[in-house]
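>>> kindly return the folded structure for what I paste below:
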Amino acid sequence: MLDPARIRKMNQRFLRLLLLLGAQLLLGIVTNLWVVIPGTHPGAHAANYFVGLLQGIPWALVHGTLILQLHIAVGLVLWVFSTLLVIAALRGPHGGTVRTLTIMGWIGVTGAGFNGGSFLNYGHNISSFLMSVGFVLAATCYVWGLSHCGRLECAGERIVSHE
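Predicted structure coming up:
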């Protein structure tokens with residue numbers, strides 16, 4: 001049986017990611033409405049997408065507006081936390097549902113991040129749309145994961161408390 005303390009820790013991880021996603025959504029909306037990204041900056045219109053990311057993101061973190069800097073920084077933190085959640089789910093005694101949800105949430109966060117970098121460097125509206133698709137995928141997975149673990153079924157079996 002899975003220790004209820006481990007389930008609470010997994011719940012806290014899901015909740016932390018949901019709160020960060022909420023902050024990221026608000027920062028993204030503000031960025032979209034009021035931040036103008038210059039058409040020319042390091043990484044802009046790069047022939048190689050990944051080289052452009054390696055140039056554009058550091059430029060934006062140093063020279064972008066505060067809102068853009070925060071949006072990117074929170075995005076990077078989200079990616080790190082979502083990666084750590086996947087590792088915790090894979091290493092722990094969690095059930096297949098939790099593992100699948102953490103991986104799908106990571107895919108959503110990663111996809112949103114890559115499309116954010118694409119929007120930064122190329123300015124295509126489809127990239128902004130795909131950021132929101134990644135957000136919805138991640139948020140859905142993390143809400144589902146929180147609900148699943150909240151019922152103490154995190155390991156695929158009902159947990160019995162010894163109290």
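
>>> how many neighbouring residues does the residue nearest to residue 63 when sequence neighbours are not counted have?
Using CB to CB, 6 or more residues apart in numbering and skipping the chain neighbours, the partner closest in space to residue 63 is residue 41 (7.4 Å). The C-beta positions use only the backbone N, C-alpha and C, and glycine is treated the same way. The number of residues packed near residue 41 is 16, by other CB atoms under 10 Å.

>>> so the residue positioned nearest the centre of the chain: helix, strand or coil?
Residue closest to the average C-alpha location in the chain (CA atoms, centre = their mean): residue 109, at 3.3 Å. Per DSSP: H, G, I helix; E, B strand; the rest coil, the local secondary structure of residue 109 is helix.

>>> ok now stretch 77-95, how far from the chain's centre?
12 Å (CA atoms, centre = their mean, to the nearest Å).

>>> give me the buried positions along it.
Of all the residues in stretch 77-95, those buried under the rule 16 or more other CB atoms under 10 Å are 78, 79, 81, 82, 85, 86, 88, 89, 92, 94, 95.

>>> phi, psi of the residue nearest to residue 63?
Main-chain torsions, residue 41, degrees, to the nearest 10: phi -160, psi 170.

>>> which ones are touching it?
56, 59, 60, 63 (CB atoms under 8 Å, 6 or more residues apart in numbering).

>>> among those residues, name the ones in helices.
For these, the ones inside helices are 56, 59, 60, 63, with DSSP state H as the criterion.

>>> just to check, the second one is in contact with residue 42?
By that I understand residue 59. Yes: counting by CB atoms under 8 Å, residue 59 touches residue 42, with 4.4 Å between them.

>>> output the longest helix belonging to the protein.
Per DSSP H, the chain has its longest helix at helix 4-34.

>>> show me what that helix is packed against.
Contact analysis of helix 4-34 by 3 or more CB pairs under 8 Å, 6 or more residues apart in numbering; DSSP states H and E lists helix 66-91, helix 125-150 as its packing neighbours.
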